[in-house]
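Asker: Here is my input, please return the structure:
(3 chains)
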Amino acid sequence: MSLTQGDEVFAGVHESALNDMLRAFFNARPRYRVYGSPGFVPATSVTATQMAALPLPGGASVDWAIGFEIPEIDLFDQSKPLPPQLSLAPGQFSLKTKIQLCLNCGSRKDAGNDQPGQEQGRIGRLGRALCSELGVFAIGHLESWHNGNGAGEVWLRVDQVELVDITPDSLESLLECLIRLVLDTALSQVRIPLQTLRAGAFHLIVTRGPEIADDRVKAFGNV
Amino acid sequence: MFDRLDSRILRFSDCYGQRFMKPGTYCYHALPATGYAVDIKRPFVINVGERKSTNVMNQHTVILRFDKQSFQPDKTELTIESGDLVIWNCPDRNAPGYIVQGDKEFFASVRLWNECGFSHAFGMPGVYEWKDAYGSGICGVINVADPPRDSKNCVDLAAWRESLSKAVLVTIDKNEAQPEKVEIVTGQTVYFAITVSKGISITDRRAFYAQT
Amino acid sequence: MSEIIAAIDETGANTLLADAIQTVGTLSKSGSGNLGPFGASYTVHGSFTSGAVDLIPPDTIRIDHLHFAWHADLSFSIDLNDFLPHFCLPQVCIDIPCVGEVCTPEICIDWPTIPIPTVSFGDFVEATADFGLDVALTSGNWKVQIVVKNVSQLQFGPGTAAILGIIAAAITPLLLAVPFIGPFLAIAVDAIIAAIGIAGLTGFLGPIISPFISGLKVPVYNQPKHFELLPAAGANDPAVFIELDTVQARIEGSDEDELVLDIDISA
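Answerer: Now for the predicted structure:
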């Protein structure tokens, strides 16, 4: 069976190449895996993205930070182990990473002791950060766009996250939801052009794909 | 394109002829055109003695060779009888235009005086309106036509070659050229015989401003 | 197992190579050679149009009817003495009344060498060319080219035969400027053209045009080894690069023949 099958052009990117690309991306732009409010991230830079502090009742807010390691991707066919709660179906990828959640858990100053001009209700200066690290497995799918000029992009969408051994179950579900949302929105920003995904080889106007099969992201089309 | 018709500057298909009517020694030089103003040497000699022959004129031909930037006659010294004609020609197509310049005013190809001649074989067809560049008003026309061609556009070369032996004579006496109009084919020769004149040239109007 | 595989079938290869051959642009060459009996200087320029592509495993790309449209400017010299008979103006005698007969000497004509400054003409040649795959890392770029391995005999276009007529038309006015040549003109032109002949013309043009074809290199892939995955997008988003560690090319045959590029990368 030919690579191009019924089309003129074929491009196939193995999961190891995709992992290389993600590694290159997150090493060059770490801020896409490190987020925090001003107490943790004074300003957005190459290394971290500033987010707003978490609001609390009474106008207070709390600093927080979240970051994850460069994820390892396994494209269907499955070649990496997964927890039993997850199974990799055709067209899907699995993801493994570690996520760190941090909160600035300082004590709130009383109202009367506030110095003139000090922001009322601000929970102390950063100095009592509490962090926790969790191993994460996830399942997701590819999304993409392409046009008749051969332009297009591909990115990862996270559909399901599994944390191991968090109790009670409701807390596990809550955290899985939070982490899924964080990972999905973070990884959705990593958009790789179809042209560079295949290292600039040939010209491809997509007629089928990009799709995941045989450990590769595959695209078919015409010159 | 047209032939260069100008007796002031001789070329390979031109001849200059001069009769020497009086005994004496006549020195001359053959020079590139305008050379007479540069080189005053007259290294070659015509010795003219008394006429002893019974005819009116004998002809002597001097062939010039162009070598190492100078003209050399095949006879550097020539002895003739008074009334004889000397004809000069340099048949080298690559030689520059030249003059024959003697030490007497009458003896110069640049200006044709008395008892002299100039011939030109025409290499290209056309209408050649000639006149005297020195302003005497003497003029004429020579119509040169290509030889006739057959239906296959071929020239009868044998017939044409035969026609080349036939020249046309134009006689110039005082202020008149006879005939004024001449019809020839390419390759034929017109001989201008000057009996008496005030020193003229035979010059195509198109070459009128060529320097002597 | 290659990390990135890109493949193109014959249909796609036809389009790819048609576009790639166009990027080769106009090629030029100057020099000198023998045009029949004449030494001639020339400038030739031309451009290619691709033909029908056949991918032949493991590493041959055949292009049938590879078309090279060429234009030549020639200059050469003709020694007319090689073509015209020895010619002399005969002695001409004329009778001058009361003086006698005057005769001009026989004047033998040495025909000149005529420079033919520029004759311009053009046509095309076609050939079947087999190309091999050449992969090289040059000046930091991975380049995959197809390069000619061998070429069939050049087929000259029908216009080539008319070139002799163009040469004849170009030299005729120059010959007309030679005194006394008029009656010999047709003979001279016919003799010159016959001396060149079609064999002389193709024998002259063939060695000039062949190198254009045999030296043809068509780019198929050209990317920097330090490959930009994403351009910079602001002060906090620098460009993202990967390294193209190896690039290989092959022709793969299965139910279809395909040109395949195999690329390995690292972060």
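
Asker: Point out where chain B drops to low pLDDT.
Answerer: Scanning chain B with the threshold set as pLDDT under 70 gives B:35-37, B:151-153, B:208-212.

Asker: Repeat the analysis, applying 90 as the threshold.
Answerer: Scanning chain B for pLDDT under 90 picks out the ranges B:1-4, B:33-41, B:68-69, B:93-94, B:147-159, B:161, B:174-175, B:196-198, B:206-212.

Asker: Quick check: the residue of it nearest chain C.
Answerer: Closest contact between chain B and chain C, by Cβ to the nearest Cβ, is at residue B:123 (2.4 Å). Backbone N, C-alpha and C define where each C-beta goes, glycine included.

Asker: Assign that residue to helix, strand or coil.
Answerer: coil (DSSP: H, G, I helix; E, B strand; the rest coil).

Asker: Neighbours of it, how many?
Answerer: Neighbour count of residue B:123, defined by other Cβ atoms under 10 Å in any protein chain shown: 24.

Asker: One more: residue A:146?
Answerer: 20.

Asker: likewise the one 10 residues further on?
Answerer: For residue A:156, the neighbour count with other Cβ under 10 Å is 23.

Asker: okay but the residue of chain B closest to chain C is in contact with residue C:183, surely?
Answerer: No. Here residue B:123 lies out of contact with residue C:183, judged by Cβ atoms under 8 Å, at a distance of 10.7 Å.

Asker: and for these two, which residues touch both?
Answerer: Both residue B:123 and residue C:183 are in contact with B:186, B:187, where contact means Cβ atoms under 8 Å, 6 or more residues apart in numbering or on different chains.

Asker: what's near enough to touch residue 22?
Answerer: Just going to use chain A. Going by Cβ under 8 Å, 6+ apart, the list of residues near residue A:22 reads A:70, A:71, A:73, A:190.

Asker: um, chain C though
Answerer: C:48, C:49.

Asker: What strand or helix carries residue 166?
Answerer: This is for chain A. In the assignment (DSSP states H and E), residue A:166 maps to no helix and no strand.

Asker: Equivalent analysis for residue A:79, please.
Answerer: Going by DSSP H and E, residue A:79 is not in any helix or strand.

Asker: Low-confidence regions, chain A specifically.
Answerer: Applying pLDDT under 90 to chain A flags residues A:6, A:56-61, A:105-129, A:164-167, A:169, A:197.

Asker: my guess is residue A:181 is in a helix, correct?
Answerer: Yes. Per three-state DSSP, residue A:181 lies within a helix segment.

Asker: how about residue 18, what does it touch?
Answerer: Because you didn't say which chain, this covers chain A. Neighbour list for residue A:18: A:73, A:75, A:217 [criterion: Cβ under 8 Å, 6+ apart].

Asker: um, chain C though
Answerer: Counting by Cβ under 8 Å, 6+ apart, residue C:18 touches C:49, C:50.

Asker: Name the member of the contacts of residue A:22 that has the highest neighbour count.
Answerer: residue A:71 (26 neighbours).

Asker: Please verify my assumption that it contacts residue A:190.
Answerer: No. If you go by Cβ under 8 Å, residue A:71 and residue A:190 don't touch, sitting 9.8 Å apart.

Asker: does residue B:163 sit in a helix, a strand or a coil?
Answerer: Applying three-state DSSP: residue B:163 is helix.

Asker: quick revisit: need the contacts of residue A:22 in JSON lines (columns: secondary structure and distance to residue B:171).
Answerer: Shown next, in JSON lines, are these (DSSP: H, G, I helix; E, B strand; the rest coil; distance: Cβ to Cβ, whole Å):
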{"residue": "A:70", "secondary structure": "coil", "distance to residue B:171": "115"}
{"residue": "A:71", "secondary structure": "coil", "distance to residue B:171": "117"}
{"residue": "A:73", "secondary structure": "strand", "distance to residue B:171": "114"}
{"residue": "A:190", "secondary structure": "coil", "distance to residue B:171": "109"}
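
Asker: wait, which of those residues is closest to chain B?
Answerer: Nearest member of the contacts of residue A:22 to chain B, counting by Cβ to the nearest Cβ, is residue A:190, at 80.3 Å.

Asker: tell me the SS of residue C:164?
Answerer: helix.
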